[in-house]
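**Q** the following comprises the amino acid sequence and a computationally predicted model.
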Amino acid sequence: MKNTIESSKKVVIKIGSSTITSEDGIIDRKFIKNLASQVKTLMDSGKRVILVSSGARIAGVSTIGKWSRKEDINYKQALCAIGQVELMDSYRNLFAEHGVHIAQVLLTKEDFESEARTLNIRNTLFTLLDEGVVPIINENDTVCVEEIKIGDNDIIAAKTTELWGGDLLIILSDIAGIYDKSPVEYKDANLIEIVKNPEELERKIAIGRSSSFGTGGISTKIEAAKIVIPYGASLIVAKGKQENIILDLGKGKQKGTLFLGK
């Protein structure tokens, strides 16, 4: 894992809803502040970084708490619209402390299916990165009903890695990696540190319940691995709440699950 991070020059980091949320259900500014410090360190070492961030709906709930129990799809989409502003404001302020500018890029699945759109996305990303700006990508939740229902930012992150030609996708989750069974449900669950064949892994492990905040789960992470591995990119799943997790993974001080690219 250490060698994979050291050798990767183009890195996509996906932040899950549970990772970017504090215990009381609001945006965790301490986490973002630490993330900004890590991203700046990666950039200073010559790497280029793209973020894919969940958390818009949660940020919306923390802003307008009276809507927290509204399950109507229109309210969910409205909360995402409100929360996207709050989320980006937190990123902008905390990354600015390190002299790093951020840019928001909202995408849908359809954007990846159109040749003209993917070209425009790629050109925009390269322009931002050439100027030292960190793009922050999110699913356009205000128009994508399906995204709110099942969660898909793991897949968006994988498709972004593929489109950009990234070397490495790091998914920061609420668990330390992929286990042979759910560590929440089973105390004897074992962390799987290296995966060469995600299809084989999928057949062997028991998929547990997803977290209360996040809508994605282990299945989407394995699907993400299936997308990036054929293009030669690797994927790491690690515990996002661990301070300096990315830098410590790169130093061999922390463990996660590494899906090796071909």
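**A** Great, that's in hand.
**Q** ok, which stretches of the protein are helices?
**A** 2-7, 17-20, 29-44, 56-63, 73-96, 115-130, 145-150, 153-164, 198-204, 218-228, 245-251 (DSSP state H).
**Q** shaky segments in the stretch 51-200 of the chain?
**A** Scanning the stretch 51-200 of the chain for pLDDT under 70 picks out 57, 60-71, 141-151.
**Q** coming back round to it: what's the closest of the helices of the chain to Val237?
**A** For Val237, the closest of the helices of the chain is helix 218-228, at 5.5 Å, according to Cβ to Cβ. C-beta coordinates here come from the backbone N, C-alpha and C atoms, glycine included.
**Q** buried residues in the closest one?
**A** Neighbour-count burial for helix 218-228 flags 218, 220-228 (criterion: 16 or more other Cβ atoms under 10 Å).
**Q** what's it packed up against?
**A** Contacts defined by 3 or more Cβ pairs under 8 Å, 6 or more residues apart in numbering; DSSP states H and E place helix 218-228 against helix 153-164, strand 168-173, strand 178-179, helix 198-204, strand 234-239.
**Q** in its sheet, which strands sit next to the last one, and in what direction?
**A** Strand pairing for strand 234-239, determined by DSSP bridges: strand 168-173 (parallel), strand 257-259 (antiparallel).
**Q** just the third one next, same as before
**A** The strands that strand 178-179 pairs with in its sheet are strand 191-192 (antiparallel) (by DSSP bridges).
**Q** what lies in contact with the partner strand?
**A** With contact meaning Cβ atoms under 8 Å, 6 or more residues apart in numbering, strand 191-192 is reached by 176-180, 201, 205, 255, 257.
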